[in-house]
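> Just to be clear, the model below is a prediction. Sequence and coordinates:
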Protein chains: 2
Amino acid sequence: MITALAGGVGAARMLRGLVRVVPPAEVTAVVNTGDDTVLHGLHICPDLDSVTYTLASMNDEERGWGQAGETWAVMEALERLGGETWFRLGDRDLATHLYRTQRLADGARLSEVTGEITAALGVGARLLPMSDDPVRTRVTLVDGPEIDFQEYFVRRQHAVAVEAVRFDGAARCTPGPGVLDALAGADVVVICPSNPVVSIGPVLAVPGVADCLRQRRDRVVAVSPIVAGAALRGPADRLMAELGEEPSVVGVARMYAAMAGTLVVDESDAARAEEVEMLGVRCIVAPTIMRTVDDSARLAATVLGAVSGLTTTDASPR
Amino acid sequence: MITALAGGVGAARMLRGLVRVVPPAEVTAVVNTGDDTVLHGLHICPDLDSVTYTLASMNDEERGWGQAGETWAVMEALERLGGETWFRLGDRDLATHLYRTQRLADGARLSEVTGEITAALGVGARLLPMSDDPVRTRVTLVDGPEIDFQEYFVRRQHAVAVEAVRFDGAARCTPGPGVLDALAGADVVVICPSNPVVSIGPVLAVPGVADCLRQRRDRVVAVSPIVAGAALRGPADRLMAELGEEPSVVGVARMYAAMAGTLVVDESDAARAEEVEMLGVRCIVAPTIMRTVDDSARLAATVLGAVSGLTTTDASPR
């Protein structure tokens, strides 16, 4: 059994590789919900949806988010009305939010609804929201107010300096059903190459999660989302720097050292492997950039191979 | 100044005629909100939207509801998810609901939001929700439970017998801003050819509305939605019969007698004009079926002409 801590796109690419090298039913993803937001009355879970669409092979590879073949009739009409359209919601994507919002209004829990959506779309892996309780990532801008994560990430296109980040509600939330068991029972826990501050950070802030990882540190493998000093996408590098951490594989190793026995870094960071190991973190150097599903599968095999005694079924390109 | 009590499609057709024969800025519609519902977390106002789309010339004439050129990408995707799709929401129509829901969540009142939507779509007439407070039409089925109006009207396609109708919240609601003034100050009050039970009924149940009409009865002109014993669309005829009223122009006259000095009935009901007049209601016989905008304008001129001292600007076909 493999359990992954997951944010959005980077995690989705890692997961599509994992379900190629082990049976999908053996893969569980504990997904960040700190990015969740309510817009137009609709409950939106960007990371759960990115992972879902990718594992259902419905994701738009080029745009990097949302569904392939998406249409935008609702947004166009909303624009005509003078509505808020900075958070682009495609027509098909909206159906997911309508479904989720209705089910939550019916009294279903987010974990149940997620199970229903993934089943309907034929996702073989198990996706668990980190919590069924609301946790909201809040970002304090330098010389500015504290704003919601999506306001920072989408509306301001993460082009503003950040002073602090907190996960409102995390300390008092209950881990989602199955989350702690999935971590405690996993042969390998993978920390996906997601933003360590605002994607993995909220998951680690859920009571019990970080403790569980610390106790099973030798089975925890992280993949660095920072390659050659930069995030492949998103603001991980700037956020790390702004919050006082070096935006590098060494910085990532420092953030995860207590919880992950192993860090996989990209070949372009080979020169810094020794510094990672000096932090007590085993460093594996491998290609980590996942352009294709085969890239993802190769990286997944590397990650799982990092924990001894595990065999994978198919790491070769198809 | 003309003020109309309005339901959905029948009222929309009456109103598109009224704005042809008097300047649109002189027309106010007090619109039923008892049909409103929340679905998928979205606040839906079917009658306000029918009137808005029609007055913005965006309505679908053939289907009779929703917008012309509508697309259905969201519903199709929702179907794939196994979501509830019995209430068909087109993509463009959804934008209206997203806009409204967001603005209500922002703290705006329904009347403000309605003003914003009609302004954005270029509607010249003034549309007033009958109340900013929630009023919900509830329908008790024969041998069955009490259900929401849309559940009866759309999901069960009003194909079930009704025992009782009530307007939950009406007795304690406050009339929408401007509603009573618009009725008190109107040269003519038009009761549109909408369902007298479930479209006009809720408006009359708003405190003060019926009283105001009774006081101004000589200036109130109703148009019968029942033609030759049948409703042109919808269940008005069956509802009237089920609730103990004859489904005819005489039944309509009886329902409105205390509030409307004049009833306009279709030519096919000419033989019953005398019975209407015996109820103390002046009966005007005219073509009332509105297929085209010209039909609507001609009927509007007839309605306004029923109150002496009023002149209209253009009742001739363009």
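Great, that's in hand. Numbers count the residues shown, from 1 in each chain, chains lettered A, B, ... in the order given.
> so residue A:166 is in which element?
Element membership of residue A:166 [criterion: DSSP states H and E] is strand A:162-168.
> Contacts for the following helix or strand past that strand, please.
Next along the chain after strand A:162-168, taking DSSP H and E as the criterion, comes helix A:179-184. Applying CB atoms under 8 Å, 6 or more residues apart in numbering or on different chains, the contact partners of helix A:179-184 are A:1, A:3, A:28, A:30, A:126, A:128, A:130-131, A:189, A:206, A:208-209, A:212-213, A:216. All C-beta spots, glycine's among them, are computed from the backbone N, C-alpha and C.
> Filter those down to the buried ones.
A:3, A:28, A:30, A:126, A:128, A:130-131, A:189, A:206, A:209, A:212-213, A:216 (16 or more other CB atoms under 10 Å in any protein chain shown).
> so can I have a markdown table of the residues you listed showing pLDDT and secondary structure?
Below are the buried ones among the contacts of helix A:179-184 laid out as a markdown table (pLDDT from 0 to 100; DSSP: H, G, I helix; E, B strand; the rest coil):
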| residue | pLDDT | secondary structure |
| --- | --- | --- |
| A:3 | 98 | strand |
| A:28 | 98 | strand |
| A:30 | 98 | strand |
| A:126 | 98 | strand |
| A:128 | 98 | strand |
| A:130 | 98 | coil |
| A:131 | 98 | strand |
| A:189 | 98 | strand |
| A:206 | 98 | coil |
| A:209 | 98 | helix |
| A:212 | 98 | helix |
| A:213 | 98 | helix |
| A:216 | 97 | coil |
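> can you tell me which two in the residues you listed are farthest apart?
A:131 and A:216 (20.0 Å; CB to CB).
> can you give me phi and psi for residue A:18?
Residue A:18 has phi and psi values of phi -60, psi -40 when expressed as degrees, to the nearest 10.
> from memory it sits against residue A:27, does it?
Yes: the pair residue A:18 / residue A:27 is scored as a contact, 5.1 Å apart, by CB atoms under 8 Å.
> Counting neighbours, go ahead and name the busier of these two.
Neighbour count, other CB atoms under 10 Å in any protein chain shown: between residue A:18 and residue A:27, residue A:18 has more, with 28 against 24.
> do you know how far the residue lying closest to that one once chain neighbours are set aside is from residue A:80?
Nearest non-adjacent residue to residue A:18, counting by CB to CB, 6 or more residues apart in numbering or on different chains: residue A:300, 4.5 Å away. Separation of residue A:300 from residue A:80 (CB to CB, to the nearest Å): 45 Å.
> which element is residue A:258 on?
When elements are assigned from DSSP H and E, residue A:258 belongs to no helix and no strand.
> What sits closest to it if chain neighbours are left out?
residue A:214 (5.6 Å).
> Which residues outside the helix or strand hosting that neighbour are in contact with it?
In the assignment (DSSP H and E), residue A:214 maps to helix A:209-215. Contact partners of helix A:209-215, identified using CB under 8 Å, 6+ apart, comprise A:5, A:30, A:130, A:175, A:179-180, A:183-184, A:189, A:203-204, A:220, A:258-260.
> can you rerun that using 10 Å?
A:3, A:5, A:30, A:130-131, A:170, A:175, A:179-184, A:186, A:189, A:191, A:200, A:202-204, A:206, A:219-220, A:222, A:256, A:258-261 (CB atoms under 10 Å, 6 or more residues apart in numbering or on different chains).
> For those residues, I'd like a selection string for PyMOL - just the buried members, please.
Selecting only the buried entries of these in PyMOL, with 16+ other CB under 10 Å as the criterion:
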select buried, chain A and resi 3+5+30+130+131+170+175+179+180+182+183+186+189+191+200+202+203+204+206+219+220+222+256+259+260+261
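> And residue A:300 and residue A:80? Which one has more around it.
More neighbours surround residue A:300 than the other of residue A:300 and residue A:80, with 29 against 16 (other CB under 10 Å).
> Tell me the backbone dihedrals of the more buried one, please.
Dihedral angles (degrees, to the nearest 10) for residue A:300: phi -60, psi -40.
> Right, I'll call it a day here.
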